[in-house]
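S.K.: Okay, here's the prediction I keep looking at, along with the sequence it came from:
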Amino acid sequence: MRVVKDVSLAGAVGCSTEWSISQTGGAAALKKRVLFLSIVSLLLMVALQGDVSGNSNMIVIGEIAALTGPTAQQGMQERNGAVLAVEEINAAGGVLGKRIKLITYDFKGQPAEGVSAYRKLVQQDKACVIIGTNFSNVNLAIAPVAEQLKVPIVSNAMEPKVTTPEPGKVNKYHFLAQPSSIEQGIIVARFALKELGLKTAACIVDKGNSFATSQAESFRDYFNANGGKILEYVEYPAGLMDFKAQLTKIRAVNPDCLYIPQYAQQAGLQVKQARELGIKATILGANTLGVPPFVEAAGGKDVVAGVYFINNVNFKDPRLADFMARYEKRYGEPVITTNVFFGYDNIHIAVDAIRRAGSTDPEAIRDCLENTTNVKIMQGEGTISIDPKTHRPINMPAWIFKWESDGTASPQKLLYPSDR
């Protein structure tokens with residue numbers, strides 16, 4: 001397990017540290033540059049800050065992020081967002097008269113690593129609250145451990161069972177900070193029906209991935225219940241890379257649209273293979289269709305042109321201009337993925353709860369997280385409120401984007417899970 005420790009001395013470092021949208025379409029060279037600069041930045045933080053563990057003037061917040069592996073770009077930017085939030089809060093005086101120490105562990109995209117990281121943050125590092133991850137399968141594994149160790153975690157894992165394992169039951173120590181997969185599936189289906197006027201659809205779904213199945217089921221149910229018709233709902237086993245058999249079945253029914261809620265690389269291959277088979281349907285997908293690896297796997301900007309996807313943030317929103325400038329000044333490169341906002345917002349949600357609790361007692365922080373109301377964040381419309389019954393946001397909106405032929409993603413509309 002990789003660990004990056006003790007991100008707390010914002011002044012010293014500042015003189016020189018379930019999946020997301022790319023502003024530019026993401027060339028491979030830019031991706032390598034982002035990873036290189038982020039790694040160098042983290043190494044500098046460790047070198048400059050030293051070990052401040054055991055300092056009673058510090059409040060420890062833990063983070064679990066994917067710093068290595070196929071989603072390292074997103075994980076490193078998520079880490080950067082969290083670090084920037086910590087630095088700014090510390091520069092403004094900290095919280096409860098103390099500075100924040102952020103400790104991050106790399107979970108490498110593996111549930112077992114995520115559980116190990118959570119245990120270490122609680123039992124060794126004495127974190128009072130933890131942020132991460134945006135992997136539903138990982139947080140499903142963490143959830144029962146959090147119920148045992150009783151330290152709250154604020155995540156972006158969209159699968160509803162992470163916070164509500166069964167109807168009427170809530171995981172007391174788990175909180176979601178973006179629209180759930182149910183809500184994201186509904187938003188995409190509403191856009192297809194009401195904004196694009198599409199009447200028929202097909203879904204292709206990785207049945208071994210709760211991120212995919214929960215969105216697909218939600219899309220299917222809403223689409224069928226609101227005047228549309230699902231012609232095919234095709235499942236496939238985890239690990240598949242050749243989807244021609246499934247896509248041939250979908251081609252036979254000729255749907256108006258094809259919904260693809262997979263992770264970036266699988267989704268890219270599915271778009272590529274669908275177009276190779278002559279499928280002309282409008283393609284819509286999850287927020288994972290907004291990252292450079294998706295475009296690369298699909299075969300480039302010409303292939304993805306016209307594809308729609310959901311995303312939490314509109315990078316062109318004037319409200320975000322100052323933050324985007326601060327981030328670029330801090331890291332020497334622009335915001336590339338929405339994961340930056342996951343890290344930044346989750347720190348602010350956690351710190352708001354610490355401040356209202358007036359304590360670093362995890363139980364008191366948990367109680368305040370459960371009653372989060374209109375806390376300022378960067379995502380959606382700029383605030384978040386948590387439903388105490390589900391530990392998920394209340395009617396949090398998201399944007400629909402479209403990949404254009406020049407390789408940029410253009411915002412189409414901000415939509416809510418339910419009518420306002």
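M.R.: Nice, I can see it.

S.K.: Compute the first-to-last residue distance for stretch 257-269.
M.R.: Stretch 257-269 stretches 17 Å from its first residue to its last (CA to CA, to the nearest Å).

S.K.: do the same with stretch 346-366
M.R.: End-to-end span of stretch 346-366 (CA to CA): 14 Å.

S.K.: Tell me the pLDDT of the closest residue to residue 227 other than its chain neighbours.
M.R.: Once flanking residues are discounted, residue 227 sits nearest to residue 193: 6.3 Å by CB to CB, 6 or more residues apart in numbering. The way it works is simple: take the backbone N, C-alpha and C, and place the C-beta from them, glycine included. The pLDDT attached to residue 193 in the predicted structure is 98.

S.K.: Roughly how far does residue 193 sit from residue 147?
M.R.: Distance check for residue 193 against residue 147: by CB to CB, to the nearest Å, it reads 38 Å.

S.K.: quick one, which of those two is more surrounded?
M.R.: Set residue 193 next to residue 147 and count neighbours by other CB atoms under 10 Å: residue 193 wins out with 19 against 13.

S.K.: where does the stretch 51-200 of the chain dip in pLDDT?
M.R.: Scanning the stretch 51-200 of the chain for pLDDT under 70 picks out 51-55.

S.K.: residue ranges for the strands of it, please.
M.R.: Under the criterion DSSP state E, counting those that start in this stretch, the stretch 51-200 of the chain carries strands at the ranges 58-65, 99-106, 129-131, 153-155, 174-176, 200-206.

S.K.: May I see the ones you listed arranged in CSV, with distance to residue 89 as well?
M.R.: What follows is these, written out as CSV (distance: least, CB to CB, whole Å):
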stretch, distance to residue 89
strand 58-65, 10
strand 99-106, 6
strand 129-131, 13
strand 153-155, 15
strand 174-176, 19
strand 200-206, 38
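
S.K.: Nearest to residue 355, out of these?
M.R.: The closest approach between residue 355 and any of those, judged by CB to CB, belongs to strand 58-65 at 10.5 Å.

S.K.: if we can go back for a sec, with mean neighbour count added, can I get the strands of the stretch 51-200 of the chain in TSV?
M.R.: Compiled in TSV, the strands of the stretch 51-200 of the chain are given as follows (neighbours: other CB atoms under 10 Å):
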stretch	mean neighbour count
strand 58-65	26
strand 99-106	24
strand 129-131	29
strand 153-155	28
strand 174-176	27
strand 200-206	24
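
S.K.: So for residue 392, which of the ones you listed sits nearest?
M.R.: strand 174-176 (4.5 Å).

S.K.: strands paired with the closest one, and their directions?
M.R.: The strands beside strand 174-176 in its sheet (DSSP bridges) come out as strand 153-155 (parallel).

S.K.: so which of the strands of the stretch 51-200 of the chain gets nearest residue 387?
M.R.: Distances from residue 387 to each of the strands of the stretch 51-200 of the chain were compared using CB to CB; the minimum, 9.7 Å, belongs to strand 174-176.

S.K.: Can you give the contact residues for that closest one?
M.R.: Strand 174-176 is touched from outside by 139, 142-143, 146, 152-158, 162-163, 349, 369-370, 372, 386, 391-393, with contacts defined as CB atoms under 8 Å, 6 or more residues apart in numbering.
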